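[1] Please work out how this folds:
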Amino acid sequence: MSLTRVGAQRDILGECPLWDEREGALFWVDIRRPALRRFDPASGDVATRPMPDLVGSIALARPGTLLVALAERVAVYDWESDRLDTVAELPVRIADHRFNDGRCDRQGRFWVGTMHNVTRAPEGTLYRLDPGGELMPVLDRICIPNSLAWSPDGRTMYFADSLRHAIARHDFDPGTGALGAAQPFVATVPPAFPDGSTVDAKGFLWNAEFNGGRVVRYTPDGQVDRVVAVPTPRPTSCAFGGADLRTLFITSTSQAMSDAEREREPLAGALFAFDAGVAGIAEPHWAGLARR
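    Numbers count the residues shown, from 1 in each chain. This next block holds a predicted model:
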């Protein structure tokens, strides 16, 4: 199993890879640059669009647009016009807090968490952005929200507060978006902690292990099924893409590294891809614009 590097760019904090089947392209964010990136496998080109603020995560919206979680607001971004239109804002703005990981559930609700950008204190909140634009708080006292993913039938939600070094599973009501109590799923060995995740068509969870230098595939009952070594210690997230959804794309970070460390770790911040041997699931669109 061999990973290949995609493009020559080097992210400060690459995150939230997202495959758009309509365009046959991969989008992702560099939170700290801050910027959106787009990879076109047909041409091999990587395009970059600067963002006006830290950008934590993205989701698909109507054709040609993305839902973008900036520091304190969620907006729709039109790639061609380079225009941002605000959809929702944090109900209470707190200094040094920002949006982080986000993803749509199978019904098109966008879930996104906040965090303290400096201290990582347990002050973050997980929100649900409903199709009507209401931003509803669901969980609180979060350090770093990550690993949002849903089972193929949409009845299980995975979520990690990364500094707890564990991923939880929740019973999930697809009709209402109601979330059950957290149940233990898997734990990581410090200093490694769970970052971004995705689920394949067989219902196995793939998780990028920050400080672990690997992506781990877990069975639905939480057993380690496969381990994929990544040539940098801090992979950040993963997503399926490609024409058959069998390519796993992996983002990584070069954040907070000295010049000497960057020289020793030339692939830190790179985007990687490999044939996973199993298909993923097409990403849902935010229902607030998908139906307009």
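
[2] Contacts only, for residue 162.
    Residues in contact with residue 162, defined by Cβ atoms under 8 Å, 6 or more residues apart in numbering, are 143-147, 193-195, 210. Just so you know, the C-beta spots here come from the backbone N, C-alpha and C atoms, and that holds for glycine as well.

[3] next one: residue 265
    Residue 265 touches 232-233, 254, 257, counting by Cβ under 8 Å, 6+ apart.

[4] So what's the gap between the helix ranked longest in the chain and the chain middle?
    Using DSSP state H to define each element, the chain has its longest helix at helix 259-264. Taking Cα atoms, centre = their mean, to the nearest Å, one finds helix 259-264 lying 26 Å from the centre of the chain it belongs to.

[5] Show the average pLDDT along it.
    Helix 259-264 shows a mean pLDDT of 91.

[6] likewise stretch 238-250?
    98.

[7] buried sites along that stretch?
    The neighbour-count check on stretch 238-250 (16 or more other Cβ atoms under 10 Å) flags 238-242, 245-250 as buried.

[8] Residue 272 reaches residue 252, doesn't it?
    Yes - judged on Cβ atoms under 8 Å, residue 272 makes contact with residue 252 at a distance of 7.2 Å.

[9] and for these two, which residues touch both?
    In contact with both residue 272 and residue 252: 230, 235, using Cβ under 8 Å, 6+ apart.

[10] ok, these two, which is more surrounded?
    Using other Cβ atoms under 10 Å as the criterion, residue 272 and residue 252 rank with residue 252 on top: 29 against 24.

[11] how near is the more buried one to residue 273?
    12 Å (Cβ to Cβ, to the nearest Å).

[12] Include distance to residue 162 and secondary structure when you put the buried residues of stretch 238-250 into CSV, please.
    Shown next, in CSV, are the buried residues of stretch 238-250 (distance: Cβ to Cβ, whole Å; DSSP: H, G, I helix; E, B strand; the rest coil):
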residue, distance to residue 162, secondary structure
238, 15, strand
239, 18, strand
240, 22, strand
241, 24, strand
242, 28, coil
245, 26, coil
246, 28, coil
247, 25, strand
248, 20, strand
249, 20, strand
250, 17, strand
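
[13] Pick out the most distant pair among those residues.
    245 and 250 (15.1 Å; Cβ to Cβ).

[14] so what's the residue minimising distance to the centre of the chain closest to, chain neighbours aside?
    Residue closest to the mean C-alpha point of the chain, counted by Cα atoms, centre = their mean, is residue 16 at 3.1 Å. Taking Cβ to Cβ, 6 or more residues apart in numbering, and ignoring the residues beside it in sequence, residue 16 has residue 57 as its nearest neighbour in space, at 4.3 Å.

[15] where does the one you found land in three-state SS?
    Using DSSP: H, G, I helix; E, B strand; the rest coil, the structure places residue 57 in strand.

[16] I figured it hits residue 66, correct?
    No - if you go by Cβ under 8 Å, residue 57 and residue 66 don't touch, sitting 10.0 Å apart.

[17] Which residues are in contact with the nearest residue to residue 218 once chain neighbours are set aside?
    Of all residues not flanking residue 218 in the chain, residue 205 sits nearest, at 4.6 Å (Cβ to Cβ, 6+ apart). Contact analysis of residue 205 by Cβ under 8 Å, 6+ apart lists 149, 158, 167, 185, 197-199, 217-218, 220.

[18] cutoff 10 Å now
    Applying Cβ atoms under 10 Å, 6 or more residues apart in numbering, one finds that residue 205 lies in contact with 147, 149-151, 156, 158, 167, 169, 185-186, 194, 197-199, 216-220, 222, 225.

[19] looking at the sheet around it, what are its partners?
    Judged by DSSP bridges, the bridge partners of residue 205 are residue 199, residue 218.

[20] would you list every one of the helices in the protein?
    259-264, 287-290.

[21] Indicate which one of those helices is closest to residue 87.
    helix 287-290 (6.9 Å).

[22] can you tell me the average pLDDT over the closest one?
    Here the average pLDDT along helix 287-290 is 75.
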